[in-house]
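> okay, sequence plus prediction incoming.
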There are 2 protein chains.
Amino acid sequence: MRLTSFTDFGLRMLMRMAGDPSRAFTSAELAGNLGLSRNHLAKIIQHLARAGLIETRRGGGGGAMLARPAAEIRLGQIIRLLEEGRPLVECFGSGGGTCSIDARCRLKTRLRSAEAAFLDDLDRSTLADIALTPLEKTPGTLVVPQ
Amino acid sequence: MRLTSFTDFGLRMLMRMAGDPSRAFTSAELAGNLGLSRNHLAKIIQHLARAGLIETRRGGGGGAMLARPAAEIRLGQIIRLLEEGRPLVECFGSGGGTCSIDARCRLKTRLRSAEAAFLDDLDRSTLADIALTPLEKTPGTLVVPQ
DNA sequence: CTTGAATGGGTATTTATAATACCTATTAAC
DNA sequence: GTTAATAGGTATTATAAATACCCATTCAAG
């Protein structure tokens, strides 16, 4: 049971963006933060942008930012998007009609239920719950600039 | 979010064995049923045997059979065994101490909770619930031999 | 006690897919 | 126009899963 690093990086990127939701992040900055190549991260950004989760702007001063408040983005939704096209077992995929057991298989139902339990559990938290701030800026606390 | 075919085959093999719990299955027979090589299936059998879920006997008339009644084997337990060593995300693995966020990461807790929800849901069913019988042998029903 | 059926277990190879890198087009700001 | 930035396709590399093969070990039956 494994999530791809594509998903892992996507989540961490969103955590960072949620920590500073008012500004745009360039893909180069985020890639630097996460320690991977800009090109690779761009793929993740594009995927999330097409799904409407983030908005991107080209040109000078451009970058990516959350399309909605972090508190309105549920973790299960993020993972559903990022793990799209990677079915739990082969027979759940698009070409999965080749199983010899098929109709007599009582396992499928159980696996679908468990998968739903996984995602439902994640849906109990939002991106705001896991936002990552670069500096502690708790109200009432004095922050010494670096 | 994906299970390996190793796990998938392991589950289907156990389903078949649970359908006829009194007899031993040779790895060749099971491999034929499932449509994969005997050698590959043998790896799965060995893994489950080491974990004590099934028992194997060498020599003529040998083979593998369930070590316990199917009704006492929970699906979550099977998947935990078969997916051993394949962490949900990289940082859950043995060498996963390299994350730069680490202490500030509030995602880990959520993922662990969701993973537990997945396995707990599976633990609500046992192998007996998904046993696969080659012929319908419902009590009271006349079965015509092939 | 010999033979054949069966697993045990290591190693090597193939294949699939994830991850990365690179290049060019497009867009917007100044 | 020039520069900064994303968009998106394609090619390459790396990793891991899946498969195949080999030989040792064990056990049962005749």
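Good, I have the coordinates.
> so what's the residue of chain A most remote from its centre up against?
Distance from the centre of chain A peaks at A:Arg104, with 35.6 Å (Cα atoms, centre = their mean). Remark: with contacts taken as Cβ atoms under 8 Å, 6 or more residues apart in numbering or on different chains, A:Arg104 is in contact with B:Leu132. (Each C-beta comes from the backbone N, C-alpha and C, glycine too.)
> need the pLDDT of A:Arg58.
As summarised for this prediction, A:Arg58 has a pLDDT of 85.
> A:Ser27 versus that one, what's the distance?
If you measure A:Arg58 against A:Ser27 using Cβ to Cβ, to the nearest Å, the figure is 11 Å.
> neighbour count winner among the two?
Of the pair A:Arg58 and A:Ser27, A:Ser27 is the one with more neighbours under other Cβ atoms under 10 Å in any protein chain shown, namely 22 against 7.
> need the contact list for the more buried one.
Remark: with contacts taken as Cβ under 8 Å, 6+ apart, A:Ser27 is in contact with A:38, A:41-42, A:45, A:63-64.
> next SSE after the one helix or strand A:Leu48 maps to?
Following DSSP states H and E, the helix or strand that holds A:Leu48 is helix A:38-50. Elements were assigned by DSSP H and E; along the chain past helix A:38-50, the next helix or strand is strand A:54-57.
> give me the sheet partners of that next one and which way each runs.
Under the criterion DSSP bridges, strand A:54-57 sits next to strand A:63-66 (antiparallel) in its sheet.
> the helix or strand that the strand it pairs with is followed by and DNA strand D in contact?
Scanning forward in sequence from strand A:63-66 by DSSP H and E, the next helix or strand is helix A:75-82. No: Helix A:75-82 does not reach DNA strand D (Cβ under 7 Å from any atom of the strand); its nearest approach is 14.8 Å.
> report the distance from helix A:75-82 to the chain centre.
Using Cα atoms, centre = their mean, to the nearest Å, we find the averaged C-alpha position of helix A:75-82 to lie 6 Å away from the chain's own average C-alpha position.
> can you pull out the residues in contact with the next helix or strand after that helix?
As assigned by DSSP H and E, the chain's next helix or strand after helix A:75-82 is helix A:107-122. Counting by Cβ under 8 Å, 6+ apart, the neighbours of helix A:107-122 from elsewhere in the structure are A:74-76, A:79-80, A:88-89, A:91-92, B:1, B:11-12, B:15, B:75, B:110-111, B:113-115, B:117-122, B:125, B:129-130.
> before we move on, back to that, closest to DNA strand C among the contacts of A:Ser27?
Among these, A:Ala42 lies closest to DNA strand C (Cβ to the nearest atom of the strand), at 7.0 Å.
> what's the separation between the closest residue to the closest one other than its chain neighbours and A:Gly63?
Ranked by Cβ to Cβ, 6 or more residues apart in numbering or on different chains and with sequence neighbours excluded, the top spatial neighbour of A:Ala42 is A:Ser27, at 5.0 Å. To A:Gly63, A:Ser27 is 7 Å away according to Cβ to Cβ.
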